[in-house]
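K.L.:
need a structure here:
(chains A, B, C, D, E and F)
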There are 6 protein chains.
Amino acid sequence: MATVTLLSDDALAPEAAAIFDDIRATRGTDYVNNFWRALAHDPDQLKALWQRLKQVMGPGALDPLTKEMIYVAVSAANACEYCSHSHTASARAKGMSDAMYAELLQVVGMASQTNALASALQVPVDDVFKA
Amino acid sequence: MATVTLLSDDALAPEAAAIFDDIRATRGTDYVNNFWRALAHDPDQLKALWQRLKQVMGPGALDPLTKEMIYVAVSAANACEYCSHSHTASARAKGMSDAMYAELLQVVGMASQTNALASALQVPVDDVFKA
Amino acid sequence: MATVTLLSDDALAPEAAAIFDDIRATRGTDYVNNFWRALAHDPDQLKALWQRLKQVMGPGALDPLTKEMIYVAVSAANACEYCSHSHTASARAKGMSDAMYAELLQVVGMASQTNALASALQVPVDDVFKA
Amino acid sequence: MATVTLLSDDALAPEAAAIFDDIRATRGTDYVNNFWRALAHDPDQLKALWQRLKQVMGPGALDPLTKEMIYVAVSAANACEYCSHSHTASARAKGMSDAMYAELLQVVGMASQTNALASALQVPVDDVFKA
Amino acid sequence: MATVTLLSDDALAPEAAAIFDDIRATRGTDYVNNFWRALAHDPDQLKALWQRLKQVMGPGALDPLTKEMIYVAVSAANACEYCSHSHTASARAKGMSDAMYAELLQVVGMASQTNALASALQVPVDDVFKA
Amino acid sequence: MATVTLLSDDALAPEAAAIFDDIRATRGTDYVNNFWRALAHDPDQLKALWQRLKQVMGPGALDPLTKEMIYVAVSAANACEYCSHSHTASARAKGMSDAMYAELLQVVGMASQTNALASALQVPVDDVFKA
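P.N.:
Residues are numbered from 1 along each chain as shown, chains lettered A, B, ... in the order given. So this is what the prediction gives:
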């Protein structure tokens, strides 16, 4: 149903299989979701994306849950069906409560509304906002 | 430079002036930014938006800074020039450090990349992600 | 400031000049706006776009003002700076009052908000809505 | 299939049930569509959105059908599957004929095309278009 | 499942049937895909779109395969499910190899990432890039 | 004018300075454009993006010019002002002629139009297009 087949484990090139091993070890589950099975046709891209994602989404100045909620927000703004589902599930797995999700959605909705209004009105940026 | 004039204080209808008073009182500053001056042509919309925004962006299950960073992320995804500037400034005013901003941008970039890939590939949603 | 030069009248190929003549005659003004001056590097595209636009935006089952307001709405949703300005000006020239513009903006804002929410939540389409 | 369950009537909090009553009374039908059933997990958001939507989409300087068609246009531009279906159905219920829908689509297509071209070319806004 | 019925051959108006004949002759196949069957409710729009598409996508300064890959890239950026599927299939039919598709996806992902970052950061355009 | 200052060479951290050296060596010019000067506040992100970009945009199954034109197309679809300017300039530097640019724009416009129509109509994907 994707534009490529979803590769099963026994169809993986060795470099892709090594990345799947790391996905499983990092997440502590045997399940590898469809996104990676679609990307696995290009082991270099699979590796580059997974390794950067692992680094970006880990703990830092922002905690992993906050990062995951930001990911959900961007995915909604980009109307990405797959990502809205997968990252909402990830955010829940990282501790997003129903109340947190409700507030996340409120902000996404409000931002989308005022983004459209500012773009429609072409409001000039205040000097005080400029770096 | 907007599609409407930016209303100065002495050009406001009374209902709009009352909202400007509340913006000033809530934020503890006399400065009212251009977005509200453009919206003030429609006092009902000004009131509805401001009152909902105040409620949504206040403390709750998520803290105001987290909400503001989510707002920045959505604004970037929607390519909104005004909102990217104004909400980045707001996030900084609420305590976003350079390190937090850097990580926010990393997540926005990574999400935009994988959103585009998932949309290009039309990856079917895994059953495990469905509510 | 565009990615191409804006062609002045004396720099036009004959096929482009003929389209400029038709733009002027159709609109009843000597002014030809920058969009067409950028497109004029490709006379075939200029001709195809202008002729289709003239046909699409003329009177039909929808009146030209309604069409122009729909154009403004799409341009805001697509965050198109140029189009938001030019089509808001066109809508005003065709009779859009301040009150009509205010309501147009209200709908654009509300739609953008619920679009983002429906995409975030991935709400399944009700059977009753399917053709 | 959404990221949340769709709440049935007997699972609603009292505040959400009251909004469902108003949706039914306003629309003159017992049917409450999925969008509201997904939103009902957050009764405050449900109430805020429904009440504002009811006000915004009612008669004013623009008639309800024109507003609904603008809603459809924004939903298409935002690639919102749910909203394209639900608001096209609403527009039809408010009197949109096949001919009107055809012209609406023509404008949406033309606007999307010229939006992309103006963004690609980064055409500078004509002084005459500025408010 | 679309917002309109998909017209079968025996439901077409004569002007639409003539366009379907041209689609079949041009493509050398009897199969006419769903997009055209949805558009066929508006024979004028069907004709205008098909004839322009045929011209635009034909050989010129860019070869048809390069054009088709650009089409896929735009469709991914616009999160268009139908177009991602149909134009990826077309690109393959025109000779896009697995390696070419992998690189196309890499560019789409990288561009989406840097687009979001440039929009978030509101980087001012370098003078050297201006025409 | 960006949301961050654009770092001059003498304000760079050593890791960022090393990346600037590589940008200059790779491109054969002393000029480093604003995007990298904005990103340089986060040397890790600067390094990750530049190194991946260099790899992705190099020669492969697709030539660098084709890749650059795909980049321009995505940037237009995402309404990214900076990227439309910078990647159009890059494409020209890599050999994009006026005729090639004109055809690129034609495809971007046509794709944006049909993307919007397919999203508005929610055309179901033909079985023949599925992988």
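K.L.:
List the residues that contact A:M1.
P.N.:
Going by C-beta atoms under 8 Å, 6 or more residues apart in numbering or on different chains, A:M1 touches B:Q122, B:P124, F:K130, F:A131. Heads up, the C-betas are built off the backbone N, CA and C, glycines and all.
K.L.:
Which one (most neighbours) among the residues you listed?
P.N.:
B:Q122 (25 neighbours; other C-beta atoms under 10 Å in any protein chain shown).
K.L.:
If I follow the layout properly, that one ends up in contact with E:C83?
P.N.:
No - taking contacts as C-beta atoms under 8 Å, B:Q122 lies outside contact range of E:C83: 10.2 Å.
K.L.:
Among the contacts of A:M1, which ones are in helices?
P.N.:
Counting by DSSP state H, none of the members of the contacts of A:M1 fall within helices.
K.L.:
With respect to A:A89, which of those residues is nearest?
P.N.:
Nearest to A:A89, judged by C-beta to C-beta, of the contacts of A:M1 is B:P124 at 14.5 Å.
K.L.:
Quick check: closest non-adjacent residue to the closest one.
P.N.:
Among residues not flanking B:P124 along the chain, A:M1 sits closest, at 4.5 Å (C-beta to C-beta, 6 or more residues apart in numbering or on different chains).
K.L.:
wait, does stretch A:109-120 contact chain E?
P.N.:
No - against chain E, stretch A:109-120 shows no contacts by C-beta under 8 Å from any C-beta of the partner chain, the least distance being 10.9 Å.
K.L.:
Say whether chain F is contacted by that stretch.
P.N.:
No - counting by C-beta under 8 Å from any C-beta, chain F is not contacted by stretch A:109-120; separation bottoms out at 8.9 Å.
K.L.:
again, but for stretch A:65-82
P.N.:
No - Stretch A:65-82 stays out of contact with chain F when judged by C-beta under 8 Å from any C-beta, the minimum separation being 8.9 Å.
K.L.:
Alpha carbons only: can I get that stretch in CSV?
P.N.:
The C-alpha coordinates for stretch A:65-82 follow below in CSV (Å, rounded to 0.1, in the frame of the first residue of the first chain):
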residue,chain,number,x,y,z
LEU,A,65,8.7,13.7,26.0
THR,A,66,8.8,17.4,25.2
LYS,A,67,10.6,16.6,22.0
GLU,A,68,8.1,13.9,21.1
MET,A,69,5.2,16.4,21.6
ILE,A,70,6.9,18.9,19.4
TYR,A,71,7.3,16.1,16.8
VAL,A,72,3.5,15.4,17.0
ALA,A,73,2.8,19.1,16.6
VAL,A,74,4.9,19.4,13.4
SER,A,75,3.4,16.2,12.0
ALA,A,76,-0.1,17.6,12.5
ALA,A,77,0.8,20.9,10.8
ASN,A,78,2.3,18.9,7.9
ALA,A,79,-0.9,16.7,7.7
CYS,A,80,1.3,13.6,7.9
GLU,A,81,-1.0,10.7,8.6
TYR,A,82,1.7,8.2,9.4
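K.L.:
do it and chain E meet at all?
P.N.:
Yes - residues of stretch A:65-82 contacting chain E under C-beta under 8 Å from any C-beta: A:V74, A:N78, A:A79, A:C80, A:E81.
K.L.:
Out of those residues, which two are the most distant from each other?
P.N.:
Among the residues of stretch A:65-82 next to chain E, A:V74 and A:E81 lie farthest apart (C-beta to C-beta), at 13.7 Å.
K.L.:
Neighbour count: the two, which is higher?
P.N.:
A:V74 (29 against 21).
K.L.:
Tell me which of the residues of stretch A:65-82 next to chain E fall in helices.
P.N.:
Mapping these onto helices (DSSP H) picks out A:V74, A:E81.
K.L.:
now, which of the residues of stretch A:65-82 next to chain E lie close to chain D?
P.N.:
A:A79, A:E81.
K.L.:
Export the residues of stretch A:65-82 next to chain E as a markdown table, with columns for pLDDT and distance to chain C.
P.N.:
Shown next, in a markdown table, are the residues of stretch A:65-82 next to chain E (pLDDT from 0 to 100; distance: C-beta to the nearest C-beta, whole Å):
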| residue | pLDDT | distance to chain C |
| --- | --- | --- |
| A:V74 | 98 | 10 |
| A:N78 | 97 | 8 |
| A:A79 | 97 | 5 |
| A:C80 | 97 | 8 |
| A:E81 | 96 | 6 |
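K.L.:
For F:A38, state which of the residues of stretch A:65-82 next to chain E is nearest.
P.N.:
Of the residues of stretch A:65-82 next to chain E, the one sitting nearest to F:A38 (C-beta to C-beta) turns out to be A:V74, at 19.0 Å.
K.L.:
For that closest one, which non-adjacent residue is spatially closest?
P.N.:
Here the residue nearest A:V74, using C-beta to C-beta, 6+ apart, is B:A111, at 3.8 Å.
K.L.:
who's in contact with the one you found?
P.N.:
Shown in contact with B:A111 (C-beta under 8 Å, 6+ apart): A:I70, A:Y71, A:V74, A:S75, A:N78, A:C83, A:H87, B:A73, B:A77, E:A116.
K.L.:
For the spatially most central residue of chain A, what are phi and psi?
P.N.:
Nearest to the geometric centre of chain A sits A:Y71, at 4.7 Å (C-alpha atoms, centre = their mean). Dihedral pair for A:Y71: phi -60, psi -40, per degrees, to the nearest 10.
K.L.:
re earlier: the residue nearest to A:V74 and chain C, how far apart?
P.N.:
From B:A111 across to chain C, the span is 13 Å (C-beta to the nearest C-beta, to the nearest Å).
K.L.:
Would you tell me what helix or strand that residue is located in?
P.N.:
Assigning secondary structure by DSSP states H and E places B:A111 in helix B:98-121.
K.L.:
Okay, buried residues for that helix please.
P.N.:
When neighbours are counted by 16 or more other C-beta atoms under 10 Å in any protein chain shown, the buried residues of helix B:98-121 are found to be B:100-121.
K.L.:
Report the inter-axis angle for that helix versus helix E:98-121.
P.N.:
Comparing the axes of helix B:98-121 and helix E:98-121 via axes from the mean of the first three to the mean of the last three C-alpha atoms, to 10 degrees yields an angle of 140 degrees.
K.L.:
tell me the mean pLDDT for helix B:98-121?
P.N.:
Across helix B:98-121, pLDDT averages out at 98.
K.L.:
how far is that helix from where the chain is centred?
P.N.:
Here helix B:98-121 is found 18 Å from its chain centre; the criterion is C-alpha atoms, centre = their mean, to the nearest Å.
K.L.:
still on that earlier bit, I figured the residue nearest to the centre of chain A hits A:S86, correct?
P.N.:
No - A:Y71 lies out of contact with A:S86 (C-beta under 8 Å); the separation is 9.3 Å.
K.L.:
Quick check: residues of chain A near chain C?
P.N.:
With C-beta under 8 Å from any C-beta as the criterion, chain A meets chain C at residues A:72-73, A:75-77, A:79-81, A:84-85, A:88, A:105, A:108-117, A:119-122.
K.L.:
can you do 10 Å?
P.N.:
Applying C-beta under 10 Å from any C-beta of the partner chain, we find that chain A lies next to chain C at A:72-73, A:75-82, A:84-85, A:88, A:101, A:104-106, A:108-122.
K.L.:
Skip the chain neighbours and tell me the closest residue to the closest residue to chain D within chain A.
P.N.:
Here chain A gets closest to chain D at one residue, A:A102, 3.9 Å apart by C-beta to the nearest C-beta. Spatial nearest neighbour of A:A102, excluding adjacent residues (C-beta to C-beta, 6+ apart): D:D42 at 3.9 Å.
K.L.:
Next: A:M100.
P.N.:
Take A:M100 and drop its neighbours on the chain: the residue closest to it by C-beta to C-beta, 6+ apart is B:A61, 4.5 Å away.
K.L.:
A:D30 and chain F, how far apart?
P.N.:
Taking C-beta to the nearest C-beta, one finds A:D30 at 25 Å from chain F.
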